[in-house]
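>>> Compute the structure for the input listed below.
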Amino acid sequence: MDVHADPMNLLRQRSSVKWRIFPEDVLPLFVAETDFPLAPPIQDALMAAIRNSDTGYTPPTSELPEAFARFADARWGWTVDPAQVWTTTDVGVAIVETLRRVTKPGDGVIINPPVYFPFFDLVAESGACVVEVPLSGGIDAGWSLDLAGIEEAFKAGARAYLLCNPHNPVGRAHSAEELRAVAELAAKYGATVVSDEIHGPLTYPDSQFTPFLSVSDAAREVGVCVTAASKAWNLAGLKCALMVTAGKPKEAIVGSMPDEVYWRTSLLGLKASVAGYRDGGEWLDGIIASLDANRRLFATLLDSQLPEVKYRMPQATYLAWLDFTALGWGEDPAAHILEHARVALSNGPPFGDPGRGFARLNLACAPDTLTEAVARLSSFRR
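This is a model prediction of the structure:
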C-alpha cells in the first residue's frame with residue numbers, strides 16, 4: 001500500500017503545533033508529527049464514534065490490550081498477556097506515574113543523552129533526580145549503550161533506568177544482547193527499567209526492534225514497557241498510551257496505580273489505537289516504505305549540497321540527528337537555521353550536552369519538502 005504525505009496546501013490547514021507556532025514562510029521540520037493522512041481504518045473508527053456521539057468516558061476494560069498483544073506477536077514475536085496491559089493519557093504520564101512508584105524522592109534515574117529532551121523534566125516531575133550516562137560512540141561509528149557507565153550509576157545508587165528504545169534522537173534500535181545486559185544489571189542492583197518503546201513500530205527493514213520485556217526472564221522481572229500508537233499512526237492529540245508488564249513484581253505496581261491514572265485515557269484515542277494495531281498494519285508498512293525512501297533521499301541531498309553536515313541514517317524512528325559543528329553555526333545551530341534559512345528544526349542542546357552543535361530533523365514529510373529544506377540550508381551556508 002502506497003502512502004504519501006499530504007500536499008502543503010492541506011497541511012497548512014492543520015491546527016496542530018507543527019503548523020501554528022511559526023509563520024508560513026518557515027518550513028516546520030521540528031516536532032515529531034507526521035505529514036501523512038490518517039490510516040483509513042482509524043478514520044473509519046473515529047467517524048463511527050462521532051456519528052454515534054460516542055465521546056464519553058473510557059471504560060475500565062476494552063479491546064486495546066488484546067489488539068496490542070496481537071500486533072506485538074505478529075510484528076516482533078513478543079508474547080504479551082493482555083491482562084498485563086493498562087492504558088493512560090500518554091507516554092509522559094506513564095513514565096512519571098511508574099517512576100513515582102519505583103523510586104523515592106531524590107533517587108537517581110539513569111538516562112542516555114543525547115536523549116528525548118522531556119526525559120529530563122519527566123524524571124524531575126516524578127520526584128527523582130537525573131543521572132546522565134551518555135551513549136557510547138558517536139555519529140561516525142554509531143552509538144551504543146555504555147554498559148560500564150550504567151553499572152557504575154546503579155552501583156552509586158540509581159534506582160531506575162529510563163531507557164529510550166528505539167533511541168530518540170539518534171534512531172538506534174538497541175540490540176537484544178545490550179538489553180539482556182541491562183536487565184541483568186538492573187536485577188543485580190534491584191533497580192527498575194522503564195522502557196519507552198513508542199517508536200518501535202517505526203523500524204526499518206534492514207534493522208530489528210527488540211522489545212525490552214522479550215529478551216530474558218530478568219527483563220520481565222525488572223521492566224515496564226511504556227508505549228503508544230501515537231507515533232506510528234500520528235495520534236498524539238488523541239491521548240492514549242499503554243503500560244505493559246510481564247512479571248508479577250511490576251504487574252503489582254502498575255496494576256495498583258490510582259484509578260485516575262487509567263481514567264485519563266481518551267475514548268477516541270483508545271478507539272483509534274485499536275484500529276491502528278488491529279487493522280492498520282498495511283498502512284504502516286506503506287509509511288515505513290515512504291520513510292525509508294526519505295532517509296535515503298536525505299543522505300543523497302546532504303552528500304551533494306551539504307557534505308559538511310554529518311548524518312547517520314536511523315535504524316528506527318522518522319528522525320534525523322544532524323551534526324552541524326563543521327559549519328561553525330554554534331552550539332545551537334537550529335536557532336541560526338530558523339533565523340537565516342527559515343527552516344524549523346529541533347534545537348540540539350535540550351537533548352543534553354552531547355546535543356551541542358546538533359539539531360534534529362523530522363523525515364516524515366514529502367520528498368519535495370526535504371529537498372526544499374536542504375536547498376534552503378545550502379543557500380544559507382553560501
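
>>> I'd assumed Trp86 was in a helix, is it?
No: using DSSP: H, G, I helix; E, B strand; the rest coil, the assignment for Trp86 is strand, not a helix.

>>> Distance of the nearest residue to it once chain neighbours are set aside relative to Val91?
Among residues not flanking Trp86 along the chain, Met243 sits closest, at 4.7 Å (Cβ to Cβ, 6 or more residues apart in numbering). C-betas here are computed from N, CA, C, even on glycine. The gap separating Met243 from Val91 is 9 Å, by Cβ to Cβ, to the nearest Å.

>>> Likewise for Ile287?
In terms of Cβ to Cβ, Ile287 sits 19 Å off from Val91.

>>> and the end-to-end length of stretch 78-98?
22 Å (Cα to Cα, to the nearest Å).

>>> do the same with stretch 209-226
15 Å.

>>> Same question for that stretch: list its buried residues.
209-216, 218-226 (16 or more other Cβ atoms under 10 Å).

>>> right, and Val102 touches Ile253 too?
Yes: the pair Val102 / Ile253 is scored as a contact, 6.5 Å apart, by Cβ atoms under 8 Å.

>>> Among those two, which residue is more densely surrounded?
Using other Cβ atoms under 10 Å as the criterion, Val102 and Ile253 rank with Val102 on top: 22 against 17.

>>> Tell me which residues touch the more buried one, please.
159-160, 192, 194, 224, 253 (Cβ atoms under 8 Å, 6 or more residues apart in numbering).

>>> Can you report phi and psi for it?
phi -120, psi 0 (degrees, to the nearest 10).

>>> Roughly how far does Trp233 sit from Arg20?
From Trp233 to Arg20 the distance is 21 Å (Cβ to Cβ).

>>> more crowded one of these two?
Trp233 (25 against 10).

>>> thinking again about what came up before, among the buried residues of stretch 209-226, which are in strands?
Among those, the members found in strands (DSSP state E) are 223-226.

>>> quick one: which of those residues is nearest Cys164?
Proximity of these to Cys164 (Cβ to Cβ) peaks at Val226, which lies at 10.6 Å.

>>> Nearest residue to Leu377 in space, please, no chain neighbours.
Using Cβ to Cβ, 6+ apart and skipping the chain neighbours, the partner closest in space to Leu377 is Ala341 (5.3 Å).

>>> Equivalent analysis for Trp233, please.
Using Cβ to Cβ, 6+ apart, the nearest residue to Trp233 is Gly276, at 4.1 Å.

>>> Give me the below-cutoff pLDDT ranges for the stretch 101-250 of the chain.
In the prediction, the stretch 101-250 of the chain carries no residues with pLDDT under 70.

>>> could you show me where the strands are in it, in order?
With strands called from DSSP state E, counting those that start in this stretch, the stretch 101-250 of the chain shows them at 108-111, 129-132, 136-138, 142-144, 160-164, 192-196, 223-227, 241-244.

>>> if we can go back for a sec, the residue nearest to Trp233 contacts Ala39, doesn't it?
Yes: under the criterion of Cβ under 8 Å, Gly276 makes contact with Ala39 at 6.3 Å.

>>> buried sites along the host helix or strand of Gly276?
Taking DSSP states H and E as the criterion, Gly276 maps to helix 267-279. Using 16+ other Cβ under 10 Å as the test for burial, helix 267-279 gives 267-279.

>>> And stretch 179-191, by the same measure?
179-187, 189, 191.

>>> Now distance to Gly108 too, for those residues, in TSV please.
Formatted as TSV, these follow (distance: Cβ to Cβ, whole Å):
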residue	distance to Gly108
Leu179	20
Arg180	22
Ala181	19
Val182	16
Ala183	18
Glu184	19
Leu185	14
Ala186	13
Ala187	17
Tyr189	11
Ala191	9
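
>>> Looking at those, which is nearest Gln305?
Closest to Gln305, out of all of the buried residues of stretch 179-191 and judged by Cβ to Cβ, is Leu179, at 37.6 Å.

>>> Now do the same contact list for the closest residue to Pro82 other than its chain neighbours.
Excluding its sequence neighbours, the residue lying closest to Pro82 (Cβ to Cβ, 6+ apart) is Pro65, at 3.6 Å. Taking Cβ under 8 Å, 6+ apart, we find Pro65 in contact with 80, 82-83, 85-86, 242.

>>> between the helix or strand where Pro65 lies and strand 223-227, how many degrees?
Taking DSSP H and E as the criterion, Pro65 maps to helix 64-76. Inter-element angle recorded for helix 64-76 and strand 223-227: 100 degrees (by axes from the mean of the first three to the mean of the last three Cα atoms, to 10 degrees).

>>> Now helix 64-76: buried residues?
Buried residues in helix 64-76, counting neighbours by 16+ other Cβ under 10 Å, are found at 64-69, 71-72, 75-76.

>>> next one: that helix to chain centre, how far?
18 Å (Cα atoms, centre = their mean, to the nearest Å).

>>> How about stretch 315-331?
Counting by Cα atoms, centre = their mean, stretch 315-331 comes out at 17 Å from the chain centroid.

>>> cool, and stretch 203-219?
Distance, centroid of stretch 203-219 to centroid of chain: 15 Å (Cα atoms, centre = their mean).

>>> repeat for stretch 258-278
Using Cα atoms, centre = their mean, the mean C-alpha position of stretch 258-278 is found 18 Å from that of the whole chain.

>>> What average pLDDT does that stretch get?
Taken as a whole, stretch 258-278 carries a mean pLDDT of 97.
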